[in-house]
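1. Just to be clear, the model below is a prediction. Sequence and coordinates:
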Amino acid sequence: MSTRLDIPVIDAHHHLWRRTHLAWLDGPPVPRIFSEYESIRRDYLADEYLQVFPSQMGDAADLASAFPDLQIVLLHASMLTDRNPATLAQWRAGMQALSGCPNVSTKLSALTTFARRFSAEIWQPIVHDTLAWFGPARCMFGSSFPVEKLWTDYQRLFQVFRKCIDHL
């Protein structure tokens, strides 16, 4: 036990202190990841649920294009982290690229996780744009309860979602 306590864990990982959760981890280049992904997909995956941030959506579209027979569900409509113009533009471009891959669908859930508040005004443009790009057949409603319970209840969540799709 004393040996384990002597390990300078924090010091050993000080280079990670300033990392953002949005950055890809340092590692092999994308082609190597894809080649390894092929064997994993073949042996283990029927479908893939993919959670990516706006900065990662281009790589996600490349993955979807490289494996057109793999059905991918994009979680949380790609985790829109904030509403600043640069992030929104990156998210829109990424969603449009992913919607061009017929093997990608998306789950409309946790759309206010990073806002930590809930309203139709926040959800409506995301839902409308996503439906326009993917079409209703490639979109599904979902929730992230109990996480979303921090700022809404399930009944309100469902009511707001229904309001967002009233135009269909």
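-> On my side now, so go ahead.

2. Just the CA trace of the helix or strand harbouring D62, in PDB.
-> Take DSSP states H and E as the rule and D62 turns out to sit in helix 57-66. As requested, the backbone C-alpha atoms of helix 57-66 are provided in PDB (Å, rounded to 0.1, in the frame of the first residue of the first chain):
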ATOM      1  CA  MET A  57     -18.100  16.100 -36.300                       C
ATOM      2  CA  GLY A  58     -15.900  16.200 -39.300                       C
ATOM      3  CA  ASP A  59     -14.100  13.100 -38.200                       C
ATOM      4  CA  ALA A  60     -17.500  11.500 -37.400                       C
ATOM      5  CA  ALA A  61     -18.700  12.200 -40.900                       C
ATOM      6  CA  ASP A  62     -15.400  10.700 -42.300                       C
ATOM      7  CA  LEU A  63     -16.100   7.600 -40.100                       C
ATOM      8  CA  ALA A  64     -19.700   7.300 -41.300                       C
ATOM      9  CA  SER A  65     -18.500   7.600 -45.000                       C
ATOM     10  CA  ALA A  66     -15.800   5.000 -44.500                       C
END
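
3. centre of the chain versus it, how much separation?
-> Helix 57-66 sits 13 Å away from the centroid of its parent chain (Cα atoms, centre = their mean, to the nearest Å).

4. Any buried residues in that helix, and which?
-> Of the residues in helix 57-66, those scored as buried under the neighbour-count criterion (16 or more other Cβ atoms under 10 Å) are M57, G58, A60, A61, L63, A64. Yep, even glycine has a C-beta here, placed from its N, CA and C like the rest.

5. Which strand or helix spans A110?
-> Assigned by DSSP H and E, A110 falls outside every helix and strand.

6. pLDDT below threshold where in the protein?
-> Low-confidence regions of the chain, defined by pLDDT under 70, span residues 1-47.

7. quick one: the helices in it?
-> With DSSP state H applied, the chain shows helices at 2-5, 9-12, 30-44, 57-66, 76-79, 85-99, 120-134, 154-164, listed in chain order.
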